[in-house]
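Colleague: Return atomic coordinates for the entry below.
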Amino acid sequence: MYVFGKDDAPHGHMHIKLDNVRVPKDNIILGEGRGFEISQGRLGPGRIHHCMRSIGVAERALELLCKRALSRTAFGKPLAELGGNYDVIADSRIELDMCRLAVLKAAYMMDTIGNKEARKYISAIKVAVPNMTLKVIDRAIQIYGALGVSQDTPLAAMWTGQRTLRLADGPDEVHRRVIAREELKQYQ
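Modeller: Residues are numbered from 1 along each chain as shown. Below is the predicted model of the structure:
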């Protein structure tokens with residue numbers, strides 16, 4: 001399957017159509033009609049994994065941003081010293097570290113209260129981390145200019161890879177609904 005106009009193999013995006021599939025009774029896991037429950041059990045840890053990888057991508061993008069901001073000059077100064085680029089760098093570090101701590105909290109909550117009870121923490125990172133990562137990558141692209149969207153840096157590929165995570169394992173809107181419902185329960 002193509003993602004953002006490019007073949008996304010071997011990442012596993014594909015179309016599958018099953019017709020008249022029968023599963024022998026001996027091969028049914030957990031029990032008939034419990035497939036969704038099984039899939040939900042792996043989603044929490046999978047979402048944590050996606051977010052941890054995204055944190056690494058954001059770190060790499062920030063590294064590229066900083067190196068470019070120090071090595072490239074315009075108007076006789078390094079890009080880091082122009083405009084609001086100190087703020088861009090600082091905001092990227094602050095947002096990245098906040099998301100890292102939220103991922104650690106979600107993992108801690110999974111370990112201490114269980115996956116089902118930790119849903120709002122998992123949903124929160126599933127919204128926050130890919131969005132933060134996209135912001136950091138976008139800031140790096142801005143520092144690089146047109147070079148940032150070319151094949152000569154990894155930034156464009158990083159951006160398209162991260163953009164899909166706002167959809168994988170449920171879109172942002174679904175996760176926001178989970179968070180809001182859990183929050184509202186406290187006041188009902």
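Colleague: Just the element for the nearest residue to Phe4 once chain neighbours are set aside, please.
Modeller: Counting by CB to CB, 6 or more residues apart in numbering, Phe4 lies nearest to Thr160, which is 4.5 Å off, once chain neighbours are set aside. For every residue, glycine as well, the C-beta is placed using N, CA and C. Take DSSP states H and E as the rule and Thr160 turns out to sit in helix 155-163.
Colleague: Mind listing residues that contact that helix?
Modeller: For helix 155-163, the external contacting residues (CB atoms under 8 Å, 6 or more residues apart in numbering) are 3-4, 6, 54, 57, 60-61, 64, 130, 133-134, 137-138, 140-141, 144, 148-150.
Colleague: which ones among those are found in strands?
Modeller: Those of these mapping onto strands are 3, 6, per DSSP state E.
Colleague: Now list the buried members of the contacts of helix 155-163.
Modeller: 54, 57, 60-61, 64, 130, 133-134, 137, 140-141, 144, 148 (16 or more other CB atoms under 10 Å).
Colleague: what's the first-to-last distance across stretch 157-175?
Modeller: Stretch 157-175 has an end-to-end distance of 25 Å (criterion: CA to CA, to the nearest Å).
Colleague: So for it, what gets flagged as buried?
Modeller: 158-159, 161-162, 165-166, 169-170, 172, 175.
Colleague: Can you add distance to Pro24 and pLDDT and give those residues back as TSV?
Modeller: Formatted as TSV, the buried residues of stretch 157-175 follow (distance: CB to CB, whole Å; pLDDT from 0 to 100):
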residue	distance to Pro24	pLDDT
Met158	44	96
Trp159	45	97
Gly161	38	90
Gln162	41	94
Leu165	36	90
Arg166	38	92
Asp169	29	84
Gly170	31	89
Asp172	39	95
His175	36	95
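Colleague: Could you export the residues you listed as a markdown table, including distance to Asn85?
Modeller: Shown next, in a markdown table, are the buried residues of stretch 157-175 (distance: CB to CB, whole Å):
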| residue | distance to Asn85 |
| --- | --- |
| Met158 | 20 |
| Trp159 | 19 |
| Gly161 | 25 |
| Gln162 | 22 |
| Leu165 | 27 |
| Arg166 | 26 |
| Asp169 | 34 |
| Gly170 | 35 |
| Asp172 | 28 |
| His175 | 32 |
